[in-house]
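Asker: Below are the sequence and a predicted model; questions follow.
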Amino acid sequence: MSTQIFVNIATSDLERSKAFYTALGCEINPLFTDENAACVVWDEQVYFMVLTREYFATFTDKQVVDASGSAQVLIALSRESREDVDAVLAAGLAAGGTEPRDAQDYGFMYSRDLEDPDGTILEFMYMDPAAAEQGPEAFLAADA
């Protein structure tokens, strides 16, 4: 069995979060969804457990921060192309997300950030396969 990733995300509005993430192309697993949590299926390896802030707090003794004003994690997800990055951003912006900074284009890598309605930052990125294999310096030197 390969490793699966479950990312817990706090929300102040579970229904709004479910609508946002399904607009990005995710599915909701109803077997692990109730009034406190939604299992958002990104793909067969990556899941977001979107939890009400109150329920999220039951999993930690630490203060649950408000993601609209603080950052603890940036969730980066790869896409198949630059166009796929732009498409997921367009869907997220149409569903109530915001783009907190300009696109980053490094030649070998292209990324854009999307904040969900609660302020959690998702980074969508595409990296040229040659750069991933050779490293960015070798890739950029080959283009020079």
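Answerer: That came through fine.
Asker: For the chain, which segments count as strands?
Answerer: 5-11, 27-29, 37-41, 46-52, 74-78, 104-105, 109-115, 121-127 (DSSP state E).
Asker: Just read off the phi/psi values of Gln72.
Answerer: phi -120, psi -30 (degrees, to the nearest 10).
Asker: can you tell me how far it sits from Tyr21?
Answerer: 19 Å (CB to CB, to the nearest Å). From N, CA and C alone the C-beta is placed, and that goes for glycine too.
Asker: So for those two, which residue has more residues nearby?
Answerer: Tyr21 (25 against 10; other CB atoms under 10 Å).
Asker: got the contact list for that one?
Answerer: For Tyr21, the contacting residues are Ile28, Ala38, Val40, Phe48, Val50, Asp116, by CB atoms under 8 Å, 6 or more residues apart in numbering.
Asker: Just send the residues you listed back as JSON lines, with neighbour count and pLDDT too.
Answerer: Output for the contacts of Tyr21, formatted as JSON lines (neighbours: other CB atoms under 10 Å; pLDDT from 0 to 100):
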{"residue": "Ile28", "neighbour count": "16", "pLDDT": "98"}
{"residue": "Ala38", "neighbour count": "26", "pLDDT": "98"}
{"residue": "Val40", "neighbour count": "24", "pLDDT": "98"}
{"residue": "Phe48", "neighbour count": "22", "pLDDT": "96"}
{"residue": "Val50", "neighbour count": "30", "pLDDT": "97"}
{"residue": "Asp116", "neighbour count": "25", "pLDDT": "96"}
